[in-house]
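> Need a 3D model of the following:
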Amino acid sequence: MKTIQKTAGRGLALLLALVLACGMALSAYAADNASLDFTQTGSIELTLADSDGNVVSGGAVTLYQVATLYLDDGNMAYAYTDDFSGCGATLDVEDTSLAATLADYADSEGLSGTTLSIGSSGMVSFGGLELGLYLVVQTTESDNYETISPFVVTVPMDVDGVWTYDVDASPKVGAVTPVEPEPDEPDESCTTTTTTTTTTTTASTLPQTGQLNWPIPVLAICGAVLFVLGWCLTRSDRKHTEYAK
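As a prediction, this is how the structure comes out:
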């Protein structure tokens, strides 16, 4: 009985050490909020390229500051700017629908952001940005390409536990198949109708915010195993007590 108890105790100790190690690994890859430098400005740079890696030039991109960044009891928090205070959307940077909602609001309200043309290299760079949350919208499409989907990006960004103030956000855009023009004078004697199908592929990248999801299932499994071992150990002790009586 003592051998079983010792083995169970060692198993519990090992699992507790594993849980502590997972927690330490999680904190090791998260940047320290206290190290945020609110006196520093940042930048957002993006290079447009299609799915084959070809540079996409032409068109224009507009950047809007959606929210400012501040610390609330040591935790990162965001507050809408005056322009977006009436949008009615919950300010959740992890919400994948937030960018589209904000883009629609900016368009309906006629909000003005900073607009830059896309150069021959496909690159656009916005500098001198205060810390906060930004919305990126391609307001003018490039020739023969669909516009990129709107997306939000934070300045700074947590990259492997380090605050990066110069953020690289490079989305992918999909080529648009040209539509054949209709003939000026169709032959009325021809009754055949031709349908041209245009296929577009558009994708965007939502910048990471430093959140790591892999430890969650590990911790959950460890907790379940700890519970089962504890239950077995308690039941074993009860049987030993009853046997002693």
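> hey, let's count contacts and neighbours off CA atoms from now on
Noted.
> Regarding this protein, what is its longest strand?
strand 60-72 (DSSP state E).
> Please spell out which residues along that one are buried.
Neighbour-count burial for strand 60-72 flags Ala60, Val61, Thr62, Leu63, Tyr64, Gln65, Val66, Ala67, Thr68, Leu69, Tyr70 (criterion: 16 or more other C-alpha atoms under 10 Å).
> One more: stretch 76-91?
Buried positions in stretch 76-91, judged by neighbour count with 16+ other C-alpha under 10 Å: Tyr78, Tyr80, Asp83, Phe84, Leu91.
> of those, closest to Glu146?
Looking at the buried residues of stretch 76-91 and their distance to Glu146, the nearest is Phe84, at 26.1 Å (C-alpha to C-alpha).
> From what I see, the closest one and Thr90 are in contact.
No - proximity of Phe84 to Thr90 does not meet the contact threshold set by C-alpha atoms under 8 Å, at 11.3 Å.
> Which of the buried residues of stretch 76-91 fall in helices?
Using DSSP state H to define helices, no part of these is located there.
> Let's have these in CSV, adding distance to Val167 and pLDDT.
As requested, the buried residues of stretch 76-91 are exported to CSV (distance: C-alpha to C-alpha, whole Å; pLDDT from 0 to 100):
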residue, distance to Val167, pLDDT
Tyr78, 18, 96
Tyr80, 21, 98
Asp83, 23, 97
Phe84, 22, 98
Leu91, 21, 94
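> From these, which land in strands?
Counting by DSSP E, these place Tyr78, Tyr80 in strands.
> what about the strands in this protein?
Counting by DSSP E, the strands of the chain are 42-47, 49-50, 60-72, 75-80, 114-117, 123-129, 132-140, 151-155, 157-159, 162-164, 166-168, 172-173.
> For the fourth one, which helices and strands make contact with it?
I take that to be strand 75-80. Of the remaining helices and strands, those touching strand 75-80 by 3 or more C-alpha pairs under 8 Å, 6 or more residues apart in numbering; DSSP states H and E are strand 60-72.
> Same question for the first one.
Other elements packing on strand 42-47 under the criterion 3+ C-alpha pairs under 8 Å, 6+ apart are strand 123-129, strand 151-155, strand 166-168.
> ok, now the fifth one?
Strand 114-117 sits against strand 60-72, with contacts defined as 3+ C-alpha pairs under 8 Å, 6+ apart.
> Pairing partners for the strand it packs on, with directions?
Strands flanking strand 60-72 in the sheet, each with its direction: strand 75-80 (antiparallel), strand 114-117 (antiparallel), strand 132-140 (antiparallel) (DSSP bridges).
> okay, these in a markdown table with distance to Val152 next?
Conversion of those to a markdown table gives the following (distance: least, C-alpha to C-alpha, whole Å):
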| stretch | distance to Val152 |
| --- | --- |
| strand 75-80 | 13 |
| strand 114-117 | 15 |
| strand 132-140 | 4 |
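> Of these, flag the one that's most buried.
Between the strands paired with strand 60-72, the one whose residues have the most neighbours on average, counting mean count of other C-alpha atoms under 10 Å, is strand 132-140 (a mean of 22).
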